[in-house]
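1. Requesting a structural model of the entry that follows:
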Amino acid sequence: MKIDVLSIFPDLFTVFLERGILGRAQENKLLSVEIIDIRTFATDSYGTVDDYPYGGGAGMIMKVEPIVSALESLDNSGKVFLLTPRGGLFTQALARELLSKETITLICGRYKGVDERVRDFVDGEISIGDYVLSGGEVAAMVIIETMARLLPGAVSDPASVKGDSFENGILDAPNYTRPRVFRGKEVPSVLLSGDHKEIDRWREKEALKITKKYRSDLLV
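-> Numbers count the residues shown, from 1 in each chain. Prediction:
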């Protein structure tokens with residue numbers, strides 16, 4: 001799996017890509033992530049990637065030429081996605097769908113947004129939620145990490161991924177570890193019983209209870 005990211009702040013990804021699951025996934029050749037600096041494709045010597053909007057108004061707009069030139073520099077851009085509030089909501093299901101692609105490219109917008117003509121060069125748009133960020137870099141990190149966790153071999157214990165929230169369409173059940181008692185609060189006795197069938201039933205019941213309480217929309 002290869003993910004290309006177009007950004008004007010490539011250094012934001014440095015530590016993020018070196019640590020934890022992402023670091024191991026790349027080291028084990030399960031995932032390749034390349035960050036492309038849009039500024040290197042600017043049409044002037046100053047590396048200008050934004051300009052004032054036609055028609056006036058507040059904010060700056062990312063120019064179309066550097067973004068498209070960056071896209072065209074890639075040997076294989078695969079499916080190209082613009083990260084924007086206009087996009088469809090990113091979900092666990094979409095993450096699994098994207099994993100079926102050999103290569104995807106994520107474009108990180110900045111400022112007020114991108115020149116509308118950029119959309120003529122993308123296959124889709126993705127949003128990670130109904131709020132506004134300063135740029136698409138954080139959204140790209142969310143997408144990359146979510147996908148990396150789903151790669152076979154990326155997580156040391158695959159069973160832990162299968163039990164994650166949203167994998168079965170609901171939230172995960174409560175989890176506990178030592179100590180058995182903390183300030184009068186005890187671990188549920190069923191988890192100490194050693195009866196794995198009963199533990200599974202308890203977890204299924206609690207997962208549904210939590211989903212109904214916190215995310216009832218998932219049960220519709």
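2. For the protein, name the helix or strand with the lowest mean pLDDT.
-> Ranked by mean pLDDT, DSSP states H and E, the helix or strand of the chain with the weakest confidence is helix 158-162, at a mean of 77.
3. Could you give me the buried positions within that one?
-> Judged by neighbour count (16 or more other CB atoms under 10 Å), helix 158-162 contains no buried residues. All C-beta atoms are positioned from the backbone trio N, CA, C, and that covers glycine.
4. okay, now residue 4: neighbour count?
-> 23 (other CB atoms under 10 Å).
5. That one is in contact with residue 79, isn't it?
-> No - with contacts counted by CB atoms under 8 Å, residue 4 stays clear of residue 79, the gap being 10.7 Å.
6. which residues do these two both contact?
-> By CB atoms under 8 Å, 6 or more residues apart in numbering, residue 4 and residue 79 have these common neighbours: 103, 104, 105.
7. what about the last one, which helix or strand?
-> It refers to residue 105. Assigned by DSSP states H and E, residue 105 belongs to strand 103-108.
8. Now do the same contact list for residue 50.
-> Each residue near residue 50 by CB under 8 Å, 6+ apart is listed here: 60, 61, 62, 63, 110, 111.
9. Filter the residues you listed down to the buried ones.
-> 61, 62, 63, 110, 111.
10. which residue is nearest the centroid of the protein?
-> Nearest to the mean C-alpha position of the chain, counting by CA atoms, centre = their mean, stands residue 143 at 1.4 Å.
11. ok, and what's touching the biggest strand by length in the chain?
-> Taking DSSP state E as the criterion, the chain has its longest strand at strand 79-89. Strand 79-89 is contacted by residues 71, 94, 98, 101, 103-109, 113-114, 118-119, 121-130, 132, 136, 139-140, 143 when judged by CB under 8 Å, 6+ apart.
12. 7 Å instead?
-> 71, 101, 104-109, 114, 118-119, 121-127, 132, 136, 139-140 (CB atoms under 7 Å, 6 or more residues apart in numbering).
13. just checking, what packs against the next helix or strand after that strand?
-> Per DSSP H and E, the first helix or strand lying C-terminal to strand 79-89 is helix 92-98. Using 3 or more CB pairs under 7 Å, 6 or more residues apart in numbering; DSSP states H and E, the elements in contact with helix 92-98 are helix 137-150.
14. how distant is the helix it packs on from the center of its chain?
-> 3 Å (CA atoms, centre = their mean, to the nearest Å).
15. again with stretch 123-143
-> 8 Å.
16. Quick check: end-to-end length of it?
-> 16 Å (CA to CA, to the nearest Å).
17. What residues of it count as buried?
-> Under 16+ other CB under 10 Å, the buried positions of stretch 123-143 are 125-128, 133, 135-137, 139-143.
18. Any chance of JSON lines for those, columns distance to residue 205 and pLDDT?
-> Formatted as JSON lines, the buried residues of stretch 123-143 follow (distance: CB to CB, whole Å; pLDDT from 0 to 100):
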{"residue": "125", "distance to residue 205": "39", "pLDDT": "98"}
{"residue": "126", "distance to residue 205": "34", "pLDDT": "98"}
{"residue": "127", "distance to residue 205": "33", "pLDDT": "98"}
{"residue": "128", "distance to residue 205": "31", "pLDDT": "98"}
{"residue": "133", "distance to residue 205": "37", "pLDDT": "95"}
{"residue": "135", "distance to residue 205": "42", "pLDDT": "97"}
{"residue": "136", "distance to residue 205": "40", "pLDDT": "98"}
{"residue": "137", "distance to residue 205": "40", "pLDDT": "98"}
{"residue": "139", "distance to residue 205": "35", "pLDDT": "98"}
{"residue": "140", "distance to residue 205": "37", "pLDDT": "98"}
{"residue": "141", "distance to residue 205": "35", "pLDDT": "98"}
{"residue": "142", "distance to residue 205": "30", "pLDDT": "98"}
{"residue": "143", "distance to residue 205": "32", "pLDDT": "98"}
